[in-house]
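Trainee: Task: produce atomic coordinates for the following.
(chains A and B)
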2 protein chains.
Amino acid sequence: MATTHHFLAETAHVDDAAVHALPGSRKIYAEGSREDIRVPFREISLSPTKTSGTDEENPPLLVYDTSGPYTDPDADIDLRKGLPELRRRWIDERDDTEWLDGPTSEYGRRRANDPMLAPLRFDLTRTPRRAKSGRNVTQLHYARQGIITPEMEFIAIRENQRRQALGSDEVERILGHQHAGQGFGAKLPEEITPEFVRREVAEGRAIIPNNINHPETEPMIIGRNFLVKINGNLGNSAVTSSIEEEVDKMTWGIRWGADTIMDLSTGQNIHETREWIIRNSPVPIGTVPIYQALEKVNGVAEDLTWEVFRDTLIEQAEQGVDYFTIHAGVRLPFVPLSADRVTGIVSRGGSIMAKWCLFHHEESFLYTHFEDICEIMKAYDVAFSLGDGLRPGSVADANDEAQMAELRTLGELTKVAWKHDVQVMIEGPGHVPMHLVKENMDKQLEYCDEAPFYTLGPLVTDIAPGYDHITSGIGAAMIGWYGCAMLCYVTPKEHLGLPNKDDVKTGIITYKIAAHAADLAKGHPAAQRRDNALSKARFEFRWEDQFNLGLDPDTARAYHDETLPKDSAKVAHFCSMCGPKFCSMKISHEVRDYAREKGLTGDEEAIKKGMEEQAEKFRQQGAELYKEV
Amino acid sequence: MATTHHFLAETAHVDDAAVHALPGSRKIYAEGSREDIRVPFREISLSPTKTSGTDEENPPLLVYDTSGPYTDPDADIDLRKGLPELRRRWIDERDDTEWLDGPTSEYGRRRANDPMLAPLRFDLTRTPRRAKSGRNVTQLHYARQGIITPEMEFIAIRENQRRQALGSDEVERILGHQHAGQGFGAKLPEEITPEFVRREVAEGRAIIPNNINHPETEPMIIGRNFLVKINGNLGNSAVTSSIEEEVDKMTWGIRWGADTIMDLSTGQNIHETREWIIRNSPVPIGTVPIYQALEKVNGVAEDLTWEVFRDTLIEQAEQGVDYFTIHAGVRLPFVPLSADRVTGIVSRGGSIMAKWCLFHHEESFLYTHFEDICEIMKAYDVAFSLGDGLRPGSVADANDEAQMAELRTLGELTKVAWKHDVQVMIEGPGHVPMHLVKENMDKQLEYCDEAPFYTLGPLVTDIAPGYDHITSGIGAAMIGWYGCAMLCYVTPKEHLGLPNKDDVKTGIITYKIAAHAADLAKGHPAAQRRDNALSKARFEFRWEDQFNLGLDPDTARAYHDETLPKDSAKVAHFCSMCGPKFCSMKISHEVRDYAREKGLTGDEEAIKKGMEEQAEKFRQQGAELYKEV
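Mentor: Residues are numbered from 1 along each chain as shown, chains lettered A, B, ... in the order given. Predicted coordinates for the structure are as follows:
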């Protein structure tokens, strides 16, 4: 067994680029009802607003932080040790799990005992856990029992983002502005309580992907009555990339905002790569187990068996994978429905299963063994991400019968999973023109009883390879607004090649834009404050604050430097777009100050009077818009 | 008067990057009812589909082409001579214009006679034209007389894109698929006739920006019952850039798809820069005349007068500017309405006029002299782009009373312009969260009697400086779908600095995506063919065709090369995302071929039978998904 490239466990080290705090930012923790509920936030410090009198303070802004301990200067980061087990005590306290002697999967044992793998193996000092016999350890199960877990309380604090420092009344008037949203049936409460979290999980409208074997996670939730989340994919292929690169992509992705990471590796050492990623990931990890199962049968789809697949599920569940994409909706009778499509079946998992069904002329074993799968899921609390193996791969194929037949089946399977108290989300397309996006959301809610939707884009046109982060970002923002709970990113390399670190970042930032735009449109009560704070900084020429409040301070600063590189330009009351001679924003301040002073409200007489006085004042002062730098 | 940088008229030369044909493409012309109506298209050649029998031809795809003669290898490009006067004869034939002795504006004469400017002056060998006394030379005027101009016929052919080579029935089944659109009141005919163009112009729902002093243009139309158009901005500022750079941005912008270009220069030698751009631009040029007027009064807004502004309009109209942004809706009583905004007034033109109104305590001279402005516009056929000086500069300020008060005024002014048979479009925001975008479109249609809408973005969130092409591309796609006729691009440098050539390209491609996504959603009958052709190429592993059919073949190819650089990879039946071992698309071909052969339609019995046979066939053949390369 060859080691990939030059990766060696003993010299593994964190990517330097991932461990600095973001500019102007520091990690803070909000404590919950017990001292071990410590919810991380990023606090962005802001400079005061310069006024003619006393400077006006701008309160720091708290933002949701997916980056984990990596951006905490007090954390001791060592990839070889993995992250601290944040949830260990919570899992222990529930006393419904048992420690196994070691991996119970045949493959897991084989890998653990293979001396050739030692140089690249993560050195895990504990064994896997599993539910005690007859117990169900899913968050859905607890929720339905009326139990509020520490995970749920953690999430409530995290989603609220309410422990804000407040500014003066005038500052709060600006920062607190929030348009009424349009939620299409989403119900976003003013305050997220732990009980609200519990209820949403209990009713299947939200999931908390939290495998008991991934205690390193900072709990998060996926549901349409919460902040819209995004997923970043990574993974090697037979053609390219090493373990180290994939771990770097993970730490890089969460730095910029990935709420979950899917490891889609299909190349060498999938098992070991996954171990490194999970042990060092503070966000939930998803996988598509059929990819690895296929590797185990040497890539011959028809050689797949339920036994190989089952062993793979256990192998991965015992490593700590938090959700599994399972294409159980690709049923034998649906395969011919894809025959007249422009792009046939474009899902890897979907086509693997289609080939298996064709070859054996049998119903998919994922479908026939679905309840067996549920038994495994609930023993580790792995959530389903029911895969859309028949998703459209082109605008032409959008919303066709193959897609809809599968979606109805996923709805049927959702009810089966819920019967077992197993958490479920549903995957969605793909390629869909704008006017057909909403139908996807509406049908999903209808067929799947409001289980969370998790979509790839959708791409709203096929004609821009190289820019599919954008073609899909448009569709993602829209479907997020309509009710999609999590958006799977697409990078600029989609359809062309495997993403590198730059592509990962571009994909993540694009999807943070889409998710945030959706939160704004839905009227999430915590959403608009950041826009307001950034716009206020922009209007007041607080350049550094403008950069730091943005999703990517580094790029914003670099772009500004390109045309006005001097430090003095960072306090200039202009930018290179209009130059120092004239800037539209300054007069607005004069107008605003004057109107406020005079109490002008739009009343005709008052305005007339005010304008007369203002005109006189302007003339007297020789007021200028220029500002020397 | 200093010459900027090293630009010299005598050595001006075209940017090499702008004059090569795009890969796999050639320029073709479709002739109209007379030999001098020659409508340019780009024809993309495609390779045949490999089959087990005879290869199947794929017909070339025609696409709308904004790049002008630059991509025609037969054209003789010399920036110093400018482009051929395509429309000269058409203007001559109407016999309603007269040649002037020279510029009639005071400023135009002064610049023409300044010997210091000789080294950078474009050497124009003709004088300006103007309508004969009492005549009106607008396309709207002709349309209302029932006259179909050659410009209108040119546009009908251009918009139709119907002179396609056709493929076999099976190929056309794929290429011809078109989802029914959702037009929100847009009426897109199956075929665009010259009479349809005339009627849309006559009713004010579309404009043809075509100054009689810009005969170099290839006519185009802006209206919601046509393809959605995009505009690219360029222009120097006092801080940066030269004439040469701006001309290069123009030729670069149209290469990638800019339908019009706005020259927003505020730096040195605005007049001369504009002349170089217009003489070499095959697309309409727009400007904001108040910028230059302000320069003429040394940047002191309150020193602006109607006389200076009027002279500027004539100066620019006689150079050939096709549309003027005029902020005549920023009225004195509206200025205080912006007082409580988060970002006040963010339009340069708007703030100039607000300052003027405040200082003089007078109604805006743009508003009081609006009919005088119409008199100038109709003598040259300059179209109004009624500026949104009070557009929101932040999500918080979206759809507020300041914005709506101005929009109602623009509606009022539209009727005044139409009384003079002057063409009008209306500018729109800005920064608007997704759920408030449609209200902008609906109110604009209502207040402005369906005059075309032309929006900047809108940006759907404020939190991503450095990525505002994306934040705005989302809003642009949506408002284009809702009925916006032209989308003004935003580059990654928005809010941060002046765009360079790379930024221009990124902005243009992003907006081509938005416009095309809108065309698809509206159901434009010529839109989906390109998506279908590209998706077919993708499904058939015709990599070169996939690149060439995209909006940016160069970037797509470069990305593919990054992970699989060898030429052989360009014919490989896999990509680096899944590697050679397994690819989802191949099985789809097998499934499709089989189902078609057996005539399977979804009927249960037939499927069952088919599946049995297929399973047997698979087993017999040992069919593999692998493909050796």
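
Trainee: What is the distance between stretch A:28-36 and the centre of its chain?
Mentor: Taking C-alpha atoms, centre = their mean, to the nearest Å, one finds stretch A:28-36 lying 23 Å from the centre of the chain it belongs to.

Trainee: what about it, average pLDDT?
Mentor: Mean pLDDT, stretch A:28-36: 95.

Trainee: and what of stretch A:308-321?
Mentor: Mean predicted lDDT for stretch A:308-321 stands at 98.

Trainee: Does the lengthiest helix in chain A reach chain B?
Mentor: In chain A, ranked by residue count with DSSP state H as the criterion, the top helix is helix A:501-522. Yes: residues of helix A:501-522 are located near chain B by C-beta under 8 Å from any C-beta of the partner chain, namely A:I509, A:T510, A:K512, A:I513, A:A514, A:H516, A:A517, A:A518, A:L520, A:A521, A:K522. (Each C-beta comes from the backbone N, C-alpha and C, glycine too.)

Trainee: What score does the second one have for pLDDT?
Mentor: The confidence metric pLDDT takes the value 98 at A:T510.

Trainee: neighbours of it, just the number please.
Mentor: 31 (other C-beta atoms under 10 Å in any protein chain shown).

Trainee: Could you tell me which residues make contact with it?
Mentor: Neighbouring residues of A:T510 by C-beta atoms under 8 Å, 6 or more residues apart in numbering or on different chains: A:H469, A:I470, A:G473, A:Y489, A:V490, B:Y467, B:I470.

Trainee: Would you state the strands of the stretch 51-200 of chain A in chain order?
Mentor: For the stretch 51-200 of chain A, the strands defined by DSSP state E, counting those that start in this stretch occupy A:61-64, A:97-99, A:129-131.

Trainee: Which of the contacts of A:T510 has the largest number of neighbours?
Mentor: Busiest of those [other C-beta under 10 Å] is A:G473, holding 34 neighbours.

Trainee: and that residue, how far is that from chain B?
Mentor: 6 Å (C-beta to the nearest C-beta, to the nearest Å).

Trainee: Most widely separated two among the contacts of A:T510?
Mentor: Farthest pair in these (C-beta to C-beta) is A:V490 and B:Y467. Separation: 14.8 Å.

Trainee: quick revisit: let's have the strands of the stretch 51-200 of chain A in CSV, adding distance to chain B.
Mentor: CSV is the format used below for the strands of the stretch 51-200 of chain A (distance: least, C-beta to the nearest C-beta, whole Å):
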stretch, distance to chain B
strand A:61-64, 9
strand A:97-99, 36
strand A:129-131, 32
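
Trainee: can you list those strands in CSV and add mean neighbour count, mean pLDDT and distance to B:R94?
Mentor: Formatted as CSV, these follow (neighbours: other C-beta atoms under 10 Å in any protein chain shown; pLDDT from 0 to 100; distance: least, C-beta to C-beta, whole Å):
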stretch, mean neighbour count, mean pLDDT, distance to B:R94
strand A:61-64, 22, 96, 61
strand A:97-99, 14, 98, 87
strand A:129-131, 21, 98, 85
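
Trainee: just to revisit the earlier point, strands - which of the contacts of A:T510 land there?
Mentor: The members of the contacts of A:T510 all map outside strands under DSSP state E.

Trainee: A:E31 - how many residues pack around it?
Mentor: When neighbours are defined as other C-beta under 10 Å, A:E31 has 12 of them.

Trainee: So what does it look like in phi/psi?
Mentor: Main-chain torsions, A:E31, degrees, to the nearest 10: phi -90, psi 140.

Trainee: try A:V346
Mentor: Residue torsions, per degrees, to the nearest 10, at A:V346 are phi -110, psi -10.

Trainee: So it sits against A:G393, correct?
Mentor: Yes: using C-beta atoms under 8 Å, A:V346 is in contact with A:G393, at 3.1 Å.

Trainee: Name the residues contacting each of the two.
Mentor: In terms of C-beta under 8 Å, 6+ apart, A:V346 and A:G393 are both contacted by the residues A:G430.

Trainee: what ranges do the helices span in the stretch 251-400 of chain A?
Mentor: For the stretch 251-400 of chain A, applying DSSP state H, counting those that start in this stretch gives helices covering A:270-279, A:289-296, A:306-319, A:348-360, A:365-368, A:370-380.

Trainee: and what of the stretch 101-250 of chain A?
Mentor: Using DSSP H, counting those that start in this stretch, the helices of the stretch 101-250 of chain A run over A:106-112, A:139-144, A:150-160, A:169-175, A:194-202, A:243-256.

Trainee: Any chance of these in CSV with mean neighbour count and mean pLDDT as columns?
Mentor: Below are these laid out as CSV (neighbours: other C-beta atoms under 10 Å in any protein chain shown; pLDDT from 0 to 100):
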stretch, mean neighbour count, mean pLDDT
helix A:106-112, 17, 97
helix A:139-144, 23, 98
helix A:150-160, 24, 97
helix A:169-175, 16, 91
helix A:194-202, 21, 98
helix A:243-256, 24, 94
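
Trainee: nearest to chain B, of these?
Mentor: Across those, chain B has its closest neighbour in helix A:169-175 (5.3 Å, C-beta to the nearest C-beta).

Trainee: can you list contacts of the closest one?
Mentor: Under the criterion C-beta under 8 Å, 6+ apart, residues A:E56, A:E57, A:N58, A:P59, A:L166, A:G167, A:R529, A:N532, A:A533, A:K536, B:V342, B:A396 lie in contact with helix A:169-175.

Trainee: Would you check how far apart whichever residue of the stretch 201-350 of chain A sits closest to chain B and A:A328 are?
Mentor: Nearest residue of the stretch 201-350 of chain A to chain B: A:G344, at 2.3 Å (C-beta to the nearest C-beta). Separation of A:G344 from A:A328 (C-beta to C-beta, to the nearest Å) stands at 20 Å.

Trainee: so where's chain A shaky on pLDDT?
Mentor: For chain A, the stretches flagged by pLDDT under 70 are A:1-6, A:162-164, A:238-241, A:565-629.

Trainee: what residue is smack in the middle of it?
Mentor: A:I230 (2.5 Å; C-alpha atoms, centre = their mean).

Trainee: got the contact list for it?
Mentor: A:G257, A:A258, A:D259, A:M486, A:L487, A:C488, A:Y489, A:I508, A:Y511, A:K512, A:A514, A:A515 are the contacts of A:I230 under C-beta under 8 Å, 6+ apart.

Trainee: repeat that for 10 Å
Mentor: When contacts are counted by C-beta atoms under 10 Å, 6 or more residues apart in numbering or on different chains, A:I230 touches A:66, A:253, A:256-260, A:476, A:480, A:486-489, A:507-516.

Trainee: try A:Q316
Mentor: Residues in contact with A:Q316 (C-beta under 10 Å, 6+ apart) are A:105, A:107-108, A:211, A:213, A:263, A:270-271, A:274, A:278, A:285, A:287-289, A:292-293, A:324, A:376, A:380, A:382.

Trainee: thinking again about what came up before, can you put the contacts of A:T510 in a markdown table and add distance to A:L8?
Mentor: Formatted as a markdown table, those follow (distance: C-beta to C-beta, whole Å):
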| residue | distance to A:L8 |
| --- | --- |
| A:H469 | 34 |
| A:I470 | 39 |
| A:G473 | 38 |
| A:Y489 | 30 |
| A:V490 | 33 |
| B:Y467 | 37 |
| B:I470 | 39 |
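
Trainee: Which of these sits closest to A:T127?
Mentor: A:Y489 (34.1 Å).

Trainee: So that closest one is in contact with A:Y454, correct?
Mentor: No: counting by C-beta atoms under 10 Å, A:Y489 sits too far from A:Y454 to count as a contact (11.7 Å).

Trainee: and for those two, which residues touch both?
Mentor: Listed as contacting both A:Y489 and A:Y454 by C-beta under 10 Å, 6+ apart are A:N231.
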